[in-house]
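J.: generate coordinates for the sequence data below:
(one chain, ligands or ions: 1)
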Amino acid sequence: RQVMTETESRGSYSKYKTLEINSLPENEIPSKRKFLKVTGLKVHKSIPDSIIIGVSKCGTRAMLEYLRLHPDVAALNAEIGYYYNDSMWSRGQDWYISQMPDSEPGQITVVKSPDCFQHQDCADRIYADNKKTKLLVLLRDPVERLVSQYMQLRDKHDSFPTFEKWIMDDSSDQVNIRVSSVTVSAYAVHLVRWLNIFPRKQLHITKSESLRSDPLTEMRSVEKFLNITPFYSDEDFYYNASRGFYCVRNRLTWKTKCLGKSKGREHIPVKETILNKLYAFYRPYNEQLNHLMDIALDWP
Ligand SMILES: Nc1ncnc2c1ncn2[C@@H]1O[C@H](COP(=O)(O)OS(=O)(=O)O)[C@@H](OP(=O)(O)O)[C@H]1O
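T.: Numbering: from 1, shown residues only. Predicted coordinates:
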C-alpha cells in the first residue's frame, strides 16, 4: 500500500517521501514522534488556535477525530474544563499550555470543550487568552440533543427519572426551564453572549445532521475556516453500516477508527404530546438563531 506522498499531504509530514507501508513491519509504521525525531522538526506547545466550544451531544467528538486526521492540526484528545472550571482556571495559563499536545511549525492547536458553550465565563476567558481564537460550534436539532443528553445521564446515574418527569414541570405542565440541559438547547440565548465578545467571522457553525451525513463536505468547510491546507478527501471517511456512522481511515497508517459505544446510543421513544411541547418551546429560539447567525436550520 502506497499511502502518502509529499504532494498528497503538505504540512507536518511534508518531508516524508512516499512510503511503502506494506514493506514495513507493523512496529515500524512511523509514528509522528518517530517522524519528528528523524526530521529534527522543533515542536512546541501553545494556547489553542481553535476550540470546539460545543454544543455537547452535537457530534463534538466526531469533529475532533476528523480534525486529528489533518496534518496541519495538533488536537488534544482529552477535554479540559479550564475555561469554565474555576479551580482549573486558577492554575493559570502556563499550566493550561503545558497540557496541550506538541505542535510542529505550521500546525494549529485544537481542543474540544463542549460545556463551554453554556458557561458564562468561557467566552471572556478564551478571548483574554487569545482574542484570535477560532470557535467551532456544532448545533443539532434541540430536541434530539436533549434526548441524547438524557440517554447519557440515564446511563451514568442509577434510578434516573423518566424523560417526561425530567423535563416537564409537574405543577405547570410546561417544559421545565430549571433543568439546565433544557436551556442548553436554546442555542440563541448562549450564542448572543459569544457574539458580544467575538466577531461573527470567528465562529463557524456546523449542523450536526450534516456532519453525520456528509463529513467530507463539512470538514472541507472547517479546514477553509481554519485556513489550513486543503486536505480532506473521500479516502478519509467510510460509512460503517453496523455503527450507522462515518468512521475514519488514517492515510498514513491505513488504520481505521470508529467512535466508542457511548456515541450513538439508541434514543428512547418520546410521546408525541411531549415532542410537540418541546418543539413549540424551542421554535422561537430557533428563529432567533436563524436571524442571529444568518443560517437556515430546518428543524421542526
Ligand atoms: N461519526 C460519528 N460517530 C459517532 N457519533 C457521531 C458521529 N457523528 C456524529 N455523532 C453524534 O455525536 C453524538 C455525541 O456528541 P458529542 O461527541 O458532542 O458528545 S459529548 O458532548 O462529547 O458527550 C452522538 O449522539 P447520540 O447518537 O445521541 O449518542 C452521535 O449521534
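J.: contacts, neighbours, all on C-alpha from now
T.: Will do.
J.: what ranges does the stretch 51-200 of the chain have for its helices?
T.: In chain order, the stretch 51-200 of the chain shows helices spanning 60-68, 86-89, 93-98, 122-129, 142-156, 163-167, 180-184, 187-197, with DSSP state H, counting those that start in this stretch as the criterion.
J.: any chance of JSON lines for these, columns distance to I108 and mean neighbour count?
T.: Shown next, in JSON lines, are the helices of the stretch 51-200 of the chain (distance: least, Cα to Cα, whole Å; neighbours: other Cα atoms under 10 Å):
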{"stretch": "helix 60-68", "distance to I108": "11", "mean neighbour count": "20"}
{"stretch": "helix 86-89", "distance to I108": "22", "mean neighbour count": "13"}
{"stretch": "helix 93-98", "distance to I108": "13", "mean neighbour count": "14"}
{"stretch": "helix 122-129", "distance to I108": "15", "mean neighbour count": "17"}
{"stretch": "helix 142-156", "distance to I108": "29", "mean neighbour count": "18"}
{"stretch": "helix 163-167", "distance to I108": "40", "mean neighbour count": "16"}
{"stretch": "helix 180-184", "distance to I108": "29", "mean neighbour count": "18"}
{"stretch": "helix 187-197", "distance to I108": "22", "mean neighbour count": "17"}
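J.: output those as TSV; include the columns distance to Q174 and mean pLDDT.
T.: Output for the helices of the stretch 51-200 of the chain, formatted as TSV (distance: least, Cα to Cα, whole Å; pLDDT from 0 to 100):
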stretch	distance to Q174	mean pLDDT
helix 60-68	30	97
helix 86-89	33	97
helix 93-98	42	96
helix 122-129	30	97
helix 142-156	15	97
helix 163-167	9	97
helix 180-184	12	97
helix 187-197	19	97
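J.: hmm, what's the outermost residue in the chain?
T.: Centroid-distance maximum for the chain: S171 at 37.0 Å, with Cα atoms, centre = their mean.
J.: got a pLDDT number for that residue?
T.: According to the prediction, S171 has pLDDT 90.
J.: what do you get for S50?
T.: We have a pLDDT of 98 for S50.
J.: the ligand contacts on the protein?
T.: Counting by Cα under 6 Å from any ligand atom, the residues of the chain close to the ligand are 56-62, 114, 148, 212, 245-247, 259, 263-265.
J.: and those residues, which are buried?
T.: Buried members of the residues of the chain next to the ligand, scored by 16 or more other Cα atoms under 10 Å, are 56-62, 114, 148, 212, 245-247, 263.
J.: just give me the least confident of those.
T.: Of all those, K263 has the smallest pLDDT value, namely 91.
J.: what about that residue, which SS state?
T.: Counting by DSSP: H, G, I helix; E, B strand; the rest coil, the backbone at K263 sits in coil.
J.: can you mark which positions in stretch 267-280 are buried?
T.: Residues of stretch 267-280 classed as buried by neighbour count (16+ other Cα under 10 Å): 274, 278-279.
J.: good, wrapping up.
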